[in-house]
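*Asks:* 3D model of this:
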Amino acid sequence: MLNIRFEYIHSWTNHAGFYLARANGDYARHHMDVEFHNGDSFRGSPAALLSRGECDVALVRHKDLFSHQGGETGLVAVAALNQCQVGGVVTKAGSGITRFRDLEGRTLGFPAAAYRLFAELKEAMGADGGDIEKVNVVSTGGWEPDFRSIENGMFDAFVNVVWWEPFQGSGPLDQVVTIPFDSLNIAPHYSYYVCVRREFLDRNTQLVRDFLADTAAGYRMAADDRAAAMAALQDPLANVSPAVLNKTLDVVSPTWFDAAGHWGLLDVDFVRRYNHWMTEQGFMTVPEEESLAAIEAGAVTNAYLPW
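*Replies:* Numbering: from 1, shown residues only. Prediction:
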């Protein structure tokens, strides 16, 4: 059994390639019996679970990758799930909010613990000629806001993932307006790394190569064959309407590939630049020289991808 730990409490369309590779039998042809897992953080982050050997592959954020280095249980990023970040501002058509500086004088819902996103919002406001101090930022506590908070009149806009939460309302999907942080090149980074333990990689090199090749094929099919993607997601996302699944696939699928159409490739210089930003902002748990040394030692690599 190959246990894959996703990054969130439930599956979503960004996992389509994994589900499709399993449904098509790609993993099975390489003798992999793959099982997907989601869950809360009671036992720790996906990175912590992976480091302890409680799963074999995990989707991991940047800070967590470099918080779990050293020795055989250190983590290695062997692919990027998306070629960009997931965050931004969400509002509705007709709100008068079409760019970051339009948030001045408006009420913005914000997840309480999303300190990195707040730093990005502050930079985006400044880059767009706005003032974060003029935004009525309201904490949502541990609850992550979605489009229902706008429909219910709680907020004029909110900050969250721009590929999923915007489409969880009850109104027409064409009323959703998203303003990604990447639109102003604010702290560009990979959303999640596909990670394994170093000792697992050393013992199962060909398995990791096969797993990544099969996953890449799954993501290519998920992008090219909408019916197949929808069918693969029907069981894990049976509570979500087909219209919402279809719309979110529209917006997320282009982020899976680089300019050459390849899934998973990592630009190490891109990683270094984001690591510097994260360090400057005080979000890293290790000194910059330590994370850079880990990168040089192979903590981020394309060596096992099929390209």
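*Asks:* So what's the residue count around the residue nearest to residue 93 when sequence neighbours are not counted?
*Replies:* Counting by CB to CB, 6 or more residues apart in numbering, residue 175 is the residue found nearest to residue 93 once chain neighbours are left out, at 4.7 Å. To be clear about C-beta, it is placed using only N, CA and C from the backbone, and glycine gets the same treatment. When neighbours are counted by other CB atoms under 10 Å, residue 175 registers 16.
*Asks:* cool, and residue 25?
*Replies:* Residue 25: 10 neighbours (other CB under 10 Å).
*Asks:* Give me the distance between it and residue 35.
*Replies:* 15 Å (CB to CB, to the nearest Å).
*Asks:* longest single helix anywhere in the protein?
*Replies:* Longest helix of the chain, by residue count under DSSP state H: helix 205-224.
*Asks:* The stretch 151-300 of the chain: strands as residue ranges?
*Replies:* 157-161, 176-180, 193-197 (DSSP state E, counting those that start in this stretch).
*Asks:* could the ones you listed be laid out in CSV, adding mean pLDDT?
*Replies:* Conversion of those to CSV gives the following (pLDDT from 0 to 100):
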stretch, mean pLDDT
strand 157-161, 97
strand 176-180, 98
strand 193-197, 98
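*Asks:* want to try TSV for these, with distance to residue 239 and mean neighbour count as columns?
*Replies:* Below are these laid out as TSV (distance: least, CB to CB, whole Å; neighbours: other CB atoms under 10 Å):
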stretch	distance to residue 239	mean neighbour count
strand 157-161	18	25
strand 176-180	20	20
strand 193-197	26	26
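*Asks:* CSV for those strands, including distance to residue 213?
*Replies:* Shown next, in CSV, are the strands of the stretch 151-300 of the chain (distance: least, CB to CB, whole Å):
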stretch, distance to residue 213
strand 157-161, 28
strand 176-180, 30
strand 193-197, 13
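*Asks:* Of these, give the one that comes closest to residue 261.
*Replies:* strand 193-197 (18.0 Å; CB to CB).
*Asks:* ok, that closest one: who's next to it in the sheet?
*Replies:* strand 57-60 (antiparallel), strand 75-80 (antiparallel) (DSSP bridges).
*Asks:* Can I get it in CSV, CA atoms only?
*Replies:* C-alpha atoms of strand 193-197 as CSV (Å, rounded to 0.1, in the frame of the first residue of the first chain):
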residue,chain,number,x,y,z
TYR,A,193,5.5,20.3,-3.1
VAL,A,194,5.1,16.6,-3.7
CYS,A,195,7.4,15.2,-1.0
VAL,A,196,8.9,11.9,0.1
ARG,A,197,11.3,10.9,2.9
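*Asks:* Taking helix 205-224 as reference, get the angle to that strand.
*Replies:* 160 degrees (axes from the mean of the first three to the mean of the last three CA atoms, to 10 degrees).
*Asks:* chain center to strand 193-197, what's the gap?
*Replies:* Put simply, strand 193-197 sits 13 Å off its chain's centre (CA atoms, centre = their mean, to the nearest Å).
*Asks:* For it, report the contacting residues that lie outside it.
*Replies:* 47, 50-51, 53, 56-62, 65, 72-81, 208, 212, 215, 264, 266, 300 (CB atoms under 8 Å, 6 or more residues apart in numbering).
*Asks:* what does stretch 134-150 give?
*Replies:* Here stretch 134-150 makes contact (CB under 8 Å, 6+ apart) with 90-92, 95, 103-113, 118, 125, 154-160, 165-171, 176.
*Asks:* Determine how far that stretch lies from the middle of the whole chain.
*Replies:* For stretch 134-150, the distance to the chain centre is 20 Å (CA atoms, centre = their mean).
*Asks:* Flag every buried residue along it.
*Replies:* 135, 137, 140, 144-147, 149-150 (16 or more other CB atoms under 10 Å).
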